[in-house]
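Novice: A structural model of the following input is requested.
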Amino acid sequence: MKIIIYGANEMASAIAADFFEDQDVIVMDSNQKNLESFSRLDVGTICADALDIKTLKNSDIESADVFIACSDSDEANIIACLTAKRVSDAQTICFVQKKDSLEALNFVKDKYPVSYAQCLDNIIWPQKLLVQEIVKIITVPEAVDVENFAHGRARLLEYRIKEDSELLNKKLKDYYFNSEVLVVGIVRNEELFIPNGNSEFLLNDKVFLMGTPIGLDIAASELFDTKAKVKKITIIGGGSVGFELAKILEETKMSLKLIENDYERCEFLSENLKKTLILNGSGTSLELLEQEEIGKSDVVVAITNNDEKNLLCSLLSKQLDSKKVITRVSQGATANLFERVGVDVAISQREACVNEIKNRIIDSRAGVIATVERGQGEILEINLDEKFETKLIQEIKLPASGVIAIIKRGSKVVIPKGQTMLKPCDTLLIFTKTQDVVKIKEFFK
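Specialist: Residues are numbered from 1 along each chain as shown. From the prediction side, this is the model:
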């Protein structure tokens, strides 16, 4: 697949780094200096402006499958995508940073849907993706990751094994999970592996469970501290992400506090958030955190634009006994470090964007519908042919480590066991390591 990326910035670097090994990637920018940082990757570079039709034609865009505009200018990204659509059949992905740009595009989409569809295929507002990830994690107590499948009829949850967990130091075969749940993966020392019956759950392991929402709720209530509802939330950072997060959470019955250092921004937040207590001050001030009893928060979300400040806010909140701390980081590699020093969940906005492109656009053609644990694991969707020979799952010997976790059969969702029959036209959701995806896909071909 050929991918052209317009805008040689940090977002482009994250996208290129994820795709260059398997895809033909070209990065365009009018500033040669910006392109120099891409020399470490095996990608093509073009020093030119993607807003010019002649330039795009010279880049052989007619043969491109995907065109991604992620420069720092919303206007340039929109025009670049419109231009790319004029001269190619490439699927366009347009990044916008300003909410005004997003609202203007949505207005055009509603008023002129046919014309819009001919110009822009996908719009990514990074802040929205980050907010969506945070909301999912907040609304499922104790979970560090949540993914939904089959229109909400199936789900993946990720939990960390703590000292009070029923699973601690037990083998998988020695614990009874209800029939609607499967353990599909374990992360230990930042490495993902597919467990077997003899796999033991150790302190600080992260465990992936897949199943029906009801089955997972039952399992979680038995294994983790999910009884206490999330009632009090503190948001540190009142930028666009903090504001959007508070707006969504105001629709719940949760008590919200938002700490913002800029006084003028606090005035804006006070005018536009009706159910949130706005506090003017620094989230790194221990005095303020103690005075406002941040330690009693069920969840603290540190989402300023500064990694160091977010880490300090998070560690202070943990020191004050906040139950769960979610932290924004700039890169996925930084997230591992943050979690190692005590942050419960570290989320990268760039990583969320890359996963969105990967799952919804690039890998959707290859059957990958979700990426987990910072690219170490993937969930494959395999459609069995109508000529498939009916077999028991225990008769299926996969060529690599993986778990057939969900069977979609018509409108039904089946959580399989060894005696479950695979039938023609079934759709399988398979949890596996990224390195084994090709082997499993070839096996089912």
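
Novice: Would you map out the domains in this structure?
Specialist: Annotated domains of the chain cover 2-124, 146-223, 232-352, 369-444 [automatic domain parsing].

Novice: what's the least confident helix or strand in the protein, going by average pLDDT?
Specialist: Ranked by mean pLDDT, DSSP states H and E, the helix or strand of the chain with the weakest confidence is helix 113-117, at a mean of 62.

Novice: Give me the residue at the spatial middle of the protein.
Specialist: residue 352 (4.2 Å; Cα atoms, centre = their mean).

Novice: Test my guess that that one contacts residue 127.
Specialist: No - with contact defined as Cβ atoms under 8 Å, residue 352 does not reach residue 127; the gap is 9.8 Å. Every C-beta, even on glycine, is put in place using the N, C-alpha and C of the backbone.

Novice: what about the nearest residue to residue 328 once chain neighbours are set aside, how many residues close to it?
Specialist: Leaving out its chain neighbours, the residue that sits closest to residue 328 by Cβ to Cβ, 6 or more residues apart in numbering is residue 303, at 4.2 Å. Per other Cβ atoms under 10 Å, the neighbour tally for residue 303 reads 27.

Novice: in stretch 392-400, what's buried?
Specialist: Going by neighbour count (16 or more other Cβ atoms under 10 Å), the buried part of stretch 392-400 is residue 398.

Novice: Surely residue 406 and residue 412 touch.
Specialist: No - under the criterion of Cβ under 8 Å, residue 406 is not in contact with residue 412, lying 10.7 Å apart.

Novice: if we can go back for a sec, JSON lines for the domains of the chain, including distance to residue 135?
Specialist: Shown next, in JSON lines, are those (distance: least, Cβ to Cβ, whole Å):
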{"stretch": "domain 2-124", "distance to residue 135": "17"}
{"stretch": "domain 146-223", "distance to residue 135": "9"}
{"stretch": "domain 232-352", "distance to residue 135": "6"}
{"stretch": "domain 369-444", "distance to residue 135": "17"}
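
Novice: nearest to residue 132, of these?
Specialist: domain 232-352 (8.1 Å; Cβ to Cβ).

Novice: and that closest one, how far from the chain's centre?
Specialist: 19 Å (Cα atoms, centre = their mean, to the nearest Å).

Novice: ditto for stretch 214-227
Specialist: 23 Å.

Novice: Stretch 22-34 too?
Specialist: 25 Å.

Novice: what comes up buried for that stretch?
Specialist: 24, 25, 26, 27, 28, 29, 30, 34.

Novice: so where's the chain uncertain?
Specialist: Within the chain, the set of residues satisfying pLDDT under 70 comprises 112-118, 225-228, 362-366.

Novice: The nearest residue to residue 14 once chain neighbours are set aside: how many residues sit nearby?
Specialist: Closest residue to residue 14 apart from its sequence neighbours, by Cβ to Cβ, 6+ apart: residue 350 at 4.5 Å. Look at residue 350: counted by other Cβ under 10 Å, it has 20 neighbours.

Novice: how deep is residue 369 tucked in, by neighbour count?
Specialist: 15.

Novice: Now do the SS call for it.
Specialist: Residue 369 carries the three-state label strand when classified by DSSP: H, G, I helix; E, B strand; the rest coil.

Novice: The residue nearest to residue 14 reaches residue 331, doesn't it?
Specialist: Yes - with contacts counted by Cβ under 8 Å, residue 350 reaches residue 331, the gap being 6.4 Å.

Novice: Please enumerate the shared neighbours of those two.
Specialist: residue 14 (Cβ atoms under 8 Å, 6 or more residues apart in numbering).

Novice: how much space between the residue nearest to residue 328 and residue 128?
Specialist: 13 Å (Cβ to Cβ, to the nearest Å).

Novice: follow-up on the earlier one: would you format the buried residues of stretch 22-34 as JSON lines with secondary structure and distance to residue 151 included?
Specialist: JSON lines is the format used below for these (DSSP: H, G, I helix; E, B strand; the rest coil; distance: Cβ to Cβ, whole Å):
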{"residue": "24", "secondary structure": "strand", "distance to residue 151": "34"}
{"residue": "25", "secondary structure": "strand", "distance to residue 151": "33"}
{"residue": "26", "secondary structure": "strand", "distance to residue 151": "36"}
{"residue": "27", "secondary structure": "strand", "distance to residue 151": "36"}
{"residue": "28", "secondary structure": "strand", "distance to residue 151": "38"}
{"residue": "29", "secondary structure": "strand", "distance to residue 151": "40"}
{"residue": "30", "secondary structure": "coil", "distance to residue 151": "43"}
{"residue": "34", "secondary structure": "helix", "distance to residue 151": "42"}
